[in-house]
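Engineer: fold the following, please.
(2 chains)
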Amino acid sequence: MQQKVVIVNTGCANISSVRIALEKLGSSVLVTADADAIHQADKVLLPGVGSAGAAMKSIEQKKLTNVIQGLTQPVLGVCLGMQLMVSRSEESQTGSVSCLDLIPGDVVRMQVGTKRLPHMGWNTVSATAQSELFKGIPDNTYFYFVHSYCVKPSSYTLAECHYAQPFSAALMKDNFYGVQFHPERSGEAGAQLLRNFLDL
Amino acid sequence: MLAKRIIPCLDVRDGKVVKGVQFRNHEIVGDIVPLAEFYGSAGADELVFYDITASSDARTVDKSWVSRIAEVIDIPFCVAGGIKSVKEAGHILEMGADKISINSPALMNPELINQLHDEFGQQCVVIGIDSLFNEQTQQYEVYKFTGDESRTQQTAWQTLDWVQEVQQRGAGEIVLNCMNQDGVRQGYDIKQLKAVREICNLPLIASGGAGESQHFEDVFTQADVDGALAASVFHKGIIQINELKKHLATAGITMRVPFQKK
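Structural biologist: Prediction:
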């Protein structure tokens, strides 16, 4: 059966690539900020690039905070979308912004010593817990990352990546999933992960 | 481990790829989509499309080809050339590009870097720098309008100062095109890239001079760049990306391994 996927329109510019990736896998995709349409979707995707402060402001202006918090179908946050799922983020002009609080955790600036930020490029991801999201994806599979903030490993971490320090490459609590990398830009590995999400 | 990136660059004019690209023994000039697909499946880590129509004339350039690439590709790609405003950048990102690369317009209006950073986030903003070593002054100097020889001009910037300026203004990555080496396939400008690496805390991409696999090994091991960009060696089939990556992996450089389903 064809999956109805809604990409929550958080107001950021580049939603096209994730829409195209999901359509290629056979799902019908709607990009919207309409609460009813979001509720009715089989799967919900929370995209995002930019800063957490600006994205939360946009979500609040669109009155979507409660809508997203009340969802019971599988929800996947991608990159900043994952970071918005935790409790708080340092990435704002004030140094702290409340996020959607779907998964316990904090977003902090990456401490990388002499390494470069943003953490940009292909890095290895290994699952740290059993989950359907990483079905068929072996440890040390490369995914494409681009970010300067991260969520440290916790009991909600599904997969880890290492860049100067370990951090959460994927998180999960209940029906909420988040990935720090960009599956839509991670070739076959990313397609496998999105397929797994659609199969949940 | 974060892998070092191999980045083919394709020149686009009026929505078509120009310069021949050797593709399964025959040359393709024109259709952008099969070339994007070809490089995607050949193991490229990222692609750059450089619109050579753009920066050197004032008319609005049709960029609809960007969305055709976004339809077929599943690795990151960057669009360079002729992006002069936040609005134009936004349009290209909406069509599915992951990053936009700015060169001459940033030199004419450095504030544009801050605006792009604030609007789209640091990760989208690549700054291209064309740098020439001046034998007389023994300095690296920044040039603009290098897409059109008749308009190419030296700027007042020394390269190391401009690198620091763009970092402070919120760039997310720097592509350093070393003009002395460009097109001659005698190797990347290791000395210059090392000098820039020392002051650059952003991802740094080497451009200009690749002629053989050893040149890639040298630039990664000696200048510690994050990625290496090249055009003609890939288009002419002088270097196959998968063979290059094998060579580099054997030399101890971290390369992305293709996905194998468990």
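Engineer: how near is the closest residue to A:Thr157 other than its chain neighbours to chain B?
Structural biologist: Leaving aside its chain neighbours, A:Thr157 sits nearest to A:Ser168 (4.5 Å; criterion: C-beta to C-beta, 6 or more residues apart in numbering or on different chains). Using the backbone N, CA and C atoms, a C-beta is placed for each residue, glycine as well. Distance of A:Ser168 to chain B, given as C-beta to the nearest C-beta, to the nearest Å: 16 Å.
Engineer: who are the contact partners of A:Ser168?
Structural biologist: A:Ser168 sits next to A:105, A:150-154, A:156-161, A:180 when contact means C-beta atoms under 8 Å, 6 or more residues apart in numbering or on different chains.
Engineer: if you rank every helix and strand of chain A by mean pLDDT, what lands last?
Structural biologist: None of the helices or strands of chain A scores lower by mean pLDDT, DSSP states H and E than helix A:52-61, at a mean of 89.
Engineer: just checking, next helix/strand downstream of that one?
Structural biologist: Sequence-wise, the next helix or strand downstream of helix A:52-61 (DSSP states H and E) is helix A:65-69.
Engineer: residues in contact with that next one?
Structural biologist: Residues contacting helix A:65-69 (C-beta under 8 Å, 6+ apart): A:Val8, A:Ala35, A:Ile38, A:His39, A:Val44, A:Leu46, A:Ile59, A:Val75, A:Leu100, A:Asp101, A:Leu102.
Engineer: likewise for stretch A:2-12?
Structural biologist: Against stretch A:2-12 from outside (C-beta under 8 Å, 6+ apart): A:15, A:18-19, A:22, A:26-33, A:37-38, A:40-50, A:55, A:58-59, A:62, A:64, A:68, A:80-81, A:198, B:120.
Engineer: measure the residue of chain A positioned farthest from its centre to chain B for me?
Structural biologist: The centre of chain A is farthest from one residue, A:Thr114, which by C-alpha atoms, centre = their mean lies 26.9 Å away. A:Thr114 sits at a distance of 9 Å from chain B (criterion: C-beta to the nearest C-beta).
Engineer: any idea whether that residue is helix, strand or coil?
Structural biologist: Under DSSP: H, G, I helix; E, B strand; the rest coil, A:Thr114 falls in the coil class.
Engineer: where's it relative to A:Glu160, distance?
Structural biologist: Between A:Thr114 and A:Glu160 the computed distance is 22 Å (C-beta to C-beta, to the nearest Å).
Engineer: and stretch B:183-201, anywhere near chain A?
Structural biologist: Yes: Stretch B:183-201 reaches chain A (C-beta under 8 Å from any C-beta of the partner chain) through B:Cys200, B:Asn201.
Engineer: now that stretch: mean pLDDT?
Structural biologist: When pLDDT is averaged over stretch B:183-201, the result is 94.
Engineer: how many neighbours does A:Gln111 have?
Structural biologist: 12 (other C-beta atoms under 10 Å in any protein chain shown).
Engineer: to clarify, my last question referred to B:Glu135.
Structural biologist: 8.
Engineer: over to A:Val112?
Structural biologist: So A:Val112, with other C-beta under 10 Å, has 16 neighbours.
Engineer: how about the one 10 residues further on?
Structural biologist: Using other C-beta under 10 Å, A:Trp122 has 28 neighbouring residues.
Engineer: thought it was touching B:Ala44?
Structural biologist: No: with contact defined as C-beta atoms under 8 Å, A:Trp122 does not reach B:Ala44; the gap is 11.1 Å.
Engineer: which residue ranges form the strands in chain A?
Structural biologist: For chain A, applying DSSP state E gives strands covering A:4-8, A:28-32, A:43-46, A:75-78, A:88-89, A:97-98, A:106-109, A:119-127, A:141-147, A:149-151, A:157-163, A:165-173, A:176-179.
Engineer: need the ones you listed in CSV (columns: mean pLDDT).
Structural biologist: Converted to CSV, the strands of chain A look like this (pLDDT from 0 to 100):
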stretch, mean pLDDT
strand A:4-8, 96
strand A:28-32, 96
strand A:43-46, 97
strand A:75-78, 97
strand A:88-89, 95
strand A:97-98, 94
strand A:106-109, 96
strand A:119-127, 97
strand A:141-147, 97
strand A:149-151, 96
strand A:157-163, 98
strand A:165-173, 98
strand A:176-179, 98
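Engineer: find the nearest non-adjacent residue to A:Arg195, please.
Structural biologist: Closest to A:Arg195 by C-beta to C-beta, 6+ apart is A:Leu25, at 5.7 Å.
Engineer: tell me who's in contact with B:Asp62.
Structural biologist: B:Asp14, B:Gly15.
Engineer: gap between it and B:Leu116?
Structural biologist: 21 Å.
Engineer: try B:Phe133
Structural biologist: Applying C-beta to C-beta, the value for B:Phe133 to B:Leu116 is 29 Å.
Engineer: where does the stretch 51-200 of chain B have low pLDDT?
Structural biologist: B:54-61 (pLDDT under 70).
Engineer: wait, what's in contact with the one residue in the stretch 1-150 of chain B that gets nearest to chain A?
Structural biologist: The minimum distance from the stretch 1-150 of chain B to chain A, using C-beta to the nearest C-beta, falls at B:Gly96 (3.7 Å). For B:Gly96, the contacting residues are A:Asn14, A:Ser16, A:Ser17, A:Ile20, B:Val66, B:Ser67, B:Ile69, B:Ala70, B:Glu71, by C-beta under 8 Å, 6+ apart.
Engineer: list just the nearest of those residues to A:Thr141.
Structural biologist: The closest of those to A:Thr141 turns out to be A:Ser17 (C-beta to C-beta; 19.5 Å).
Engineer: from what I can see the closest one touches B:Asp98, true?
Structural biologist: Yes: between A:Ser17 and B:Asp98 there is a contact under C-beta under 8 Å: 7.0 Å.
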